[in-house]
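[1] sequence and predicted structure below; questions after.
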Amino acid sequence: MIKIAVYGKGGIGKSTTTSNLSAALSDMGLKVMQIGCDPKADSTKNLVSTERIPTVLDQIKSKGKSISLDDIVFPGYGKTFCVEAGGPTPGIGCAGRGIIAAFEELERLHAYEQYEPDVVLYDVLGDVVCGGFAMPIRNGYAEHVFVVTSGEMMSLYAANNIASAVKSFGRRGYARMEGLILNSRNIENEEQIVQRAAVEMETKIVKIMPRSGDVQAAENTRKTVVEALPESDMAKHYRELAKNVLEACG
Amino acid sequence: MGKLRMVLPPFSPDYSGVCSALFSFGKRGITVLHDAAGCTGNYTGYDEPRWYHSKSPVYCSGLREIDAILGDDEKLMEKVIEAEETLKPELIALVGSPVPMVVGTDMEGIAADLEGRTGIPVFGFDTTGLGSYQQGIELVYRKVLCRMLSEMEEKEVALEKSAGNKGVVNILGATPLDFGGSGTVEELCRLLEQDGWQVQTVLYQESSREQILQIRYADCSVVVSGAALSFANYLKQNFGIPYITKLPFGEAYAKVWLRELEACVFNKDREDTSKEAKGWEKEPVRGLVLGEQIQSEAIRDGLWEAYKIRADVGAVCGFYPETAQNGEVFLEEEAEIEQAINRESYEFVVGDPLYQGLLRKPKRFIPYAHYALSSKMGQKWEDCLIGSRLESKIQL
């Protein structure tokens, strides 16, 4: 089982990238479990193509101990399985602790043993802001970390924070930083800027994703590009990304 | 509101279970509770009679609000390293409490980091204060003892078996949280020795590294609380050591139990008969035994053998289906205990004196203290029921 965490600044395209990556990996014949780790709970919306799925935390709240895997794991496109950790109402509660509670519940219910995914993808909100959001890269959950970034300063700043967190966890034998996924915003010298940042972070760019209207077009139909426009250039890029990610994970 | 407790105090929590099980390492190990002081005070002041009158190797990290907010793991690690340099322990345990749980402190990760820096085994326990002490004891057995046994060199330790003995037994799962200062564990050892057994390692007393490693050479494990069941199963699977549960409570049942122990050692391929019918199926259930599951099962069997009176078992603090028989239930919440204790068909109840507060109508109540519930308040009702003591204490 290959366990991957995808981090990046809010709004940079993590969920879009992760969902397309899941779909592309599924097309390669792999069983994929995507776990959204964001209180907004919208990571998997383009994979399930329906209304949003109930979150783990909502189900814990309403069903307590009688919760089962069928309440929180939902089939998506191809051979994908979708989970949303969920979180508190904005402004109250503790989102980080929510991620921990959701992960503990998945473990208690033996989700990984039951579904036996070939690849698990954790799509994690923004920066590593607290212990909870570091959870996917702790305790052997994810072994490989990729960061989605553009050439914009705030995005690179977040990427650098994540790289630092991964590095500081290195002594604990946790996840490895595998590289950056450049989600182009078409700013000037973007590739060179991100390349320079990657060197500073002691990592590499695993794939440059061009900016394309196909992403929005597919999203309007609540689908991934891989599913909605499989013949498009962008779908080809996502398939290349899937290949590169697998290679980087060894 | 199902978890509301209006009469009973909470049971000792998971971190107390961890600390209690680590007592076996004595001052060769240091235990650091990552808390502000309350949890450490709770353990050292109310859950651990063995350290009441002496200096203990249990330390409080002195967690403060700013450390929690900033997730200052480095400060904790510096303190532990300083303690390690001064005290030179053989192992270190970092034990979590509610605040680290809420802020997501990575106890296991910090332990791995510290192990790299100090070069001695460091164990992190993600205890939260919300689990039961039995979970804590189980964690120590699984993480510390299993690791020690799996890493030991084949020839590191040997065990000399005394000639003339029936065999060698270890006692697993005994902590004061279940037995207080009743002398039950000591009396159990005496009875076993009188019956011709060599009692090797008792995970209750302070034990040397050698004694702990010698666990793997025993002929049988005696499991006296549910918390040790998973470890006993580990020993069975990895070293072929069978195990027997319960305690020889009552003169009549002690004979049965000792026969079962012999069968366990000398007839390893026998079918497990512990859950077979005992001839009480057609008898009415007349009482309820409330408490730790394995100990309560022993009281139930002791009463049956002594008086042919049948009782149910209400397990609190944890439930282990593998030893449960008909009439055994897990009573997790106060409301469930209250409902059970007041059932009309029960003529008598055996349990911690604090349960009496849940009785709506008077009925015969036989107090038998459970330290994890009543601590010092229940000391007057602590009793050893080994051998004929059950019959003298409980007359039905």
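    Now that the structure is in, tell me what you want to look at.

[2] in chain A, what helix or strand scores lowest on average pLDDT?
    The helix or strand with the lowest mean pLDDT-type score in chain A, counting by mean pLDDT, DSSP states H and E, is helix A:131-134 (a mean of 82).

[3] quick one: contacts for residue B:95?
    With CB atoms under 8 Å, 6 or more residues apart in numbering or on different chains as the criterion, the residues that contact residue B:95 are B:15, B:18, B:19, B:31, B:32, B:33, B:34, B:107, B:125, B:127. No exception for glycine: its C-beta is placed from N, CA and C like everyone else's.

[4] identify the farthest-apart pair in the residues you listed.
    With distance counted by CB to CB, no two of the contacts of residue B:95 lie farther apart than B:19 and B:107, which are 14.0 Å apart.

[5] among these two, which residue is more densely surrounded?
    Between residue B:19 and residue B:107, counted using other CB atoms under 10 Å in any protein chain shown, the more crowded position is residue B:19 (32 against 23).

[6] give the contact list for the residue in chain A sticking out farthest from the centre.
    Seen from the C-alpha centroid of chain A, the residue lying at the greatest distance (CA atoms, centre = their mean) is residue A:66, 28.1 Å away. Contact analysis of residue A:66 by CB under 8 Å, 6+ apart lists nothing.

[7] report the buried residues of the helix or strand containing residue A:246.
    Residue A:246 is located in helix A:233-248, with elements delineated by DSSP states H and E. If you call a residue buried by 16 or more other CB atoms under 10 Å in any protein chain shown, then helix A:233-248 has these buried ones: A:234, A:235, A:237, A:238, A:239, A:241, A:242, A:244, A:245, A:246, A:248.

[8] look up the closest residue to the last one, ignoring the ones flanking it.
    Nearest residue to residue A:248, sequence neighbours excluded (CB to CB, 6 or more residues apart in numbering or on different chains): residue A:178, at 4.4 Å.

[9] that neighbour and residue A:246, how far apart?
    Distance, residue A:178 to residue A:246, by CB to CB, to the nearest Å: 11 Å.

[10] same question, residue A:16
    Relative to residue A:246, residue A:16 is positioned 19 Å away (criterion: CB to CB).

[11] strands of the chain, start to end?
    By default, I'm working from chain A. Along chain A, counting by DSSP state E, strands occupy A:2-8, A:32-37, A:74-75, A:80-84, A:119-124, A:144-149, A:176-183, A:205-209.

[12] not quite, I wanted chain B
    Counting by DSSP E, residue ranges of the strands within chain B are B:29-33, B:58-60, B:91-95, B:122-125, B:167-172, B:197-202, B:220-223, B:243-245, B:285-291, B:310-315, B:328-330, B:348-351, B:364-367.

[13] can you list the strands that the second one pairs with?
    Strand partners for strand B:58-60, identified by DSSP bridges, are recorded as strand B:29-33 (parallel).

[14] which other residues reach the partner strand?
    The set of residues external to strand B:29-33 that reach it, using CB under 8 Å, 6+ apart, is B:15, B:18-19, B:22, B:39-40, B:43, B:57-61, B:76, B:79-80, B:83-84, B:87, B:89-95, B:97.

[15] can I get it as CSV, trimmed to CA atoms?
    Provided in CSV are the C-alpha atoms of strand B:29-33 (Å, rounded to 0.1, in the frame of the first residue of the first chain):
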residue,chain,number,x,y,z
GLY,B,29,12.9,3.3,34.4
ILE,B,30,11.6,6.8,34.6
THR,B,31,8.0,7.8,33.7
VAL,B,32,7.2,11.3,32.6
LEU,B,33,3.5,12.3,32.6
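
[16] next one: that strand to chain centre, how far?
    Its chain's C-alpha centre and that of strand B:29-33 lie 19 Å apart, by CA atoms, centre = their mean, to the nearest Å.

[17] next, the angle from that strand to strand B:91-95.
    In terms of direction (axes from the mean of the first three to the mean of the last three CA atoms, to 10 degrees), strand B:29-33 departs from strand B:91-95 by 20 degrees.

[18] what's around the residue of the stretch 251-396 of chain B found nearest chain A, how many residues?
    Scanning the stretch 251-396 of chain B for the residue nearest chain A gives residue B:332, at 10.0 Å (criterion: CB to the nearest CB). Burial measure for residue B:332: 17 neighbouring residues, criterion other CB under 10 Å.

[19] residue of chain B nearest chain A, please.
    Nearest to chain A in chain B, going by CB to the nearest CB, is residue B:104, at a distance of 2.6 Å.

[20] tell me which residue is most central in chain B.
    When chain B is reduced to its mean C-alpha position, the nearest residue by CA atoms, centre = their mean turns out to be residue B:173, at 4.3 Å.

[21] quick one, what contacts that residue?
    Shown in contact with residue B:173 (CB under 8 Å, 6+ apart): B:137, B:203, B:223, B:224, B:225, B:226, B:227, B:228, B:229, B:231, B:294.

[22] so which of those is the most crowded?
    Of all the contacts of residue B:173, the most densely surrounded is residue B:227 (33 neighbours; neighbours counted as other CB under 10 Å).

[23] tally of neighbours for residue B:326?
    Using other CB under 10 Å, residue B:326 is surrounded by 11 other residues.

[24] separation between it and residue B:380?
    Between residue B:326 and residue B:380 the computed distance is 34 Å (CB to CB).

[25] same question for residue B:136.
    Shown here: residue B:136 relative to residue B:380, a distance of 26 Å by CB to CB.

[26] show me which of these two is the more surrounded one.
    Shown here are residue B:136 and residue B:380; by other CB under 10 Å, residue B:136 has more neighbours (26 against 11).
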